[in-house]
Structures are given as structure tokens and as C-alpha cells.
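# sharing a model that was predicted from the sequence below.
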Amino acid sequence: MIIRPFESNDLMKCTTLLVNVFNQEPWNDNWSIEGAKQYLVDYIQTPGFRGFIAEEGSEIRGFIFGFRKRWWEGDEFFVNEMCVQVDEQRSGIGTKLINYLEGDLIRAGIENITLLTNRKIPAEEFYKKNGFDEIERLIFLHKRIK
């Protein structure tokens, strides 16, 4: 297993992985391949984008995508998406991706990582196990406008 930077020719494999993972429990999303591809392209085209791939042979087992954000306390990295193949979750791939990302960010002078995830699903405990803390003073809000 190697962790390496995302390359543009990884897009379709990452797209397929995202659809396969997030269209299942516990998320039960309804991604199409085309919709998921555009979703990832939007992130890839974001200024400050960084993406890393967990690869075994020619197979992508996981990825993490996000971007560098300016903040008054210093730059931070916001994780837009992280995904590990369903049958390989809880095998250490996610932790390897986080650790690789942390090393890259430290070298770039970025001191903080932020992200959003659902409550009461395995991802919440995964992130906490990997050193992330919940920020009690923040809430995530949504408004349907149509």
C-alpha cells in the first residue's frame, strides 16, 4: 500500500469509489457516476486543493481531498471528502491517509485540519480516534430554498 498525491488520471477510479461507498449504509446517498465526477472535479479545481490516494497495485483503496483555507489564526486545511473502500474500512487505510496528510501539511506550514461528518456513524469515532475534537460552540445549519 502506498499513499501518493492525487493525479488527474485518478479521477474516474475515485469517482467510482465514492459512488460505491456513499450509496451504501450508513449514508445511503444516491450518487450517479456523472454527478459524483462533477462533485470531485469541483473540489479538485478549488484553489489550495490537495488530494492523496491510497493505492495497492493499480487499485485505489481510498482517498482524501480538501483545500487550504486562510484563517486569522493561521492557515488550516478543510477536508472536503475522505473515502475508503467498504471492505477495507477499519484496516488502517484511513489512518494512513490522515497521517500522510498531516505530514504534508506540517511541511507546508499548515497547523490545523477541519472537517464535517455525521454524528453516530463509524466515521465520527474514526476521526476522534485520530485526534480530532468536536467544536462544541459550532453548529451546522441548512436552509432549503426551493
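Structure's in. What do you need? Numbers count the residues shown, from 1 in each chain.
# other residues contacting stretch 86-101?
The contact list for stretch 86-101, computed with C-beta atoms under 8 Å, 6 or more residues apart in numbering, reads 1, 3, 20-21, 24, 50, 52, 54, 61-64, 66, 77, 79, 82, 84-85, 113, 122, 126, 130. In short, each C-beta sits where N, CA and C put it, glycine included.
# can you check stretch 107-127 too?
Contacts for stretch 107-127 (C-beta under 8 Å, 6+ apart): 26-27, 66, 68-69, 71, 73-79, 82, 89-90, 94, 101-102, 105, 132, 140.
# quick check: helices, which of those residues are part of them?
If you go by DSSP state H, those have 94, 101-102, 105 in helices.
# from Asn9, how far out is the closest residue to Val79 other than its chain neighbours?
The spatially closest residue to Val79, leaving aside those adjacent along the chain, is Leu115, at 3.8 Å (C-beta to C-beta, 6 or more residues apart in numbering). Counting by C-beta to C-beta, to the nearest Å, the separation of Leu115 from Asn9 is 26 Å.
# and if you look at Val21?
20 Å.
# which one of these two has more residues nearby?
More crowded of Val21 and Asn9, by other C-beta atoms under 10 Å: Val21, with 18 against 7.
# next, the contact list for that one, please.
27, 83-86.
# hmm, which of those is lowest in pLDDT?
Within the contacts of Val21, Trp27 has the lowest pLDDT, namely 87.
# so what does it look like in phi/psi?
Trp27 adopts backbone torsions of phi -80, psi -50, taken as degrees, to the nearest 10.
# for it, the count of nearby residues, please.
13.
# so how far is Pro122 from it?
Relative to Pro122, and taking C-beta to C-beta, Trp27 is found at 11 Å.
# quick one, strands of this protein?
Taking DSSP state E as the criterion, the chain contains strands spanning 2-5, 49-56, 59-69, 76-84, 112-115.
# for Lys146, find the nearest of those strands.
strand 76-84 (23.8 Å; C-beta to C-beta).
# and that closest one, what does it pack onto?
Applying 3 or more C-beta pairs under 8 Å, 6 or more residues apart in numbering; DSSP states H and E, one finds that strand 76-84 makes contact with helix 11-22, helix 33-44, strand 59-69, helix 93-107, strand 112-115.
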